[in-house]
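>>> Need the 3D shape of this:
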Amino acid sequence: MSEHFLQTFFGAVHAASKLHIGVFKPLTDGERYDLIFDLRPKLVRVQCKWATRYGEVVVIRCYSCRRTADGLMRRGYSSDEIDAIAALASFGSKAIAAASQLTDRLRSTNDNVRSMAAVGLARMRADPENVVPLILTNLRRSSSSNGYPAPTSQMNLWALGEFGSGARAALPAIFC
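Below you'll find the model as predicted:
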């Protein structure tokens, strides 16, 4: 899974949960949708997509791409396969207004939510003085998998790197 997909996926989950919408993940792979929203009484199949910006225009590519023996195959989505698309675009430092909400997500009980918040805060150049200590706390909580750092640890370390000299205080904790 790409970092962009994870950001979009958890962004959609977070936004839906704030609206008290039930969110479900299909148990098997192979479906064209990533999530199911329970809008009571209707269930909505949601495809998560990363959006790109070209100036003031946000572009959502409403298709999937796969490599095949014949080359790259693009396949659009139909209303028989999905009901909605959840898209996320990067607004960098223009998104700083969301920093307080993302900082709150650094205190989540979910490792993935915490690490995605760290990445988002790093991308929008949030104040390292407030954010770096929380990322360090999350790094200490992260577990490893078969001797390798968990993906959430890797995302937190990447976020610290993006803070540059603002994360200097984290160096002793990282190497302990």
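>>> In this protein, where's the longest strand?
strand 43-54 (DSSP state E).
>>> pLDDT on that one, on average?
Throughout strand 43-54, pLDDT has a mean value of 85.
>>> Now do the SS call for the closest residue to Ile21 other than its chain neighbours.
Closest residue in space to Ile21, ignoring its immediate chain neighbours: Phe37 at 5.2 Å, by CB to CB, 6 or more residues apart in numbering. (Glycine included, C-beta is placed from N, CA and C.) The local conformation at Phe37, judged by DSSP: H, G, I helix; E, B strand; the rest coil, is strand.
>>> oh, and call the first residue 633 from now on, that's how I've got it
Yes, from this point I'll number from 633; that puts the last item at Phe669.
>>> Show me what Phe669 bridges to in the sheet.
Assessed by DSSP bridges, Phe669 has beta-bridge partners Val655, Val676.
>>> That one: how many residues sit nearby?
22 (other CB atoms under 10 Å).
>>> One more: Phe795?
Using other CB under 10 Å: Phe795 sits among 21 other residues.
>>> Surely it is in contact with Asp759?
No. Between Phe795 and Asp759 there is no contact under CB atoms under 8 Å: 9.5 Å.
>>> Could you name the helices and strands sitting against the strand or helix carrying Val745?
Counting by DSSP states H and E, the element that carries Val745 is helix 743-755. With contacts taken as 3 or more CB pairs under 8 Å, 6 or more residues apart in numbering; DSSP states H and E, helix 743-755 sits against helix 635-650, helix 731-737, helix 760-773, helix 783-794.
>>> Is it possible to get a markdown table of the ones you listed that adds mean neighbour count?
Below are the helices and strands packed on helix 743-755 laid out as a markdown table (neighbours: other CB atoms under 10 Å):
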| stretch | mean neighbour count |
| --- | --- |
| helix 635-650 | 18 |
| helix 731-737 | 16 |
| helix 760-773 | 18 |
| helix 783-794 | 20 |
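>>> Next one: the residue of the chain most remote from its centre from Arg672, what distance?
No residue in the chain sits farther from the centre than Asp702, which is 31.8 Å out by CA atoms, centre = their mean. From Asp702 across to Arg672, the span is 44 Å (CB to CB, to the nearest Å).
>>> about what we covered before: what separation do you get for the residue nearest to Ile653 and Asn788?
The value you get for Phe669 to Asn788, if CB to CB is used, is 29 Å.
>>> for Leu704, same thing?
Leu704 is 33 Å from Asn788, by CB to CB.
>>> Domains of the protein: list them as residue ranges, please.
635-722, 725-800 (automatic domain parsing).
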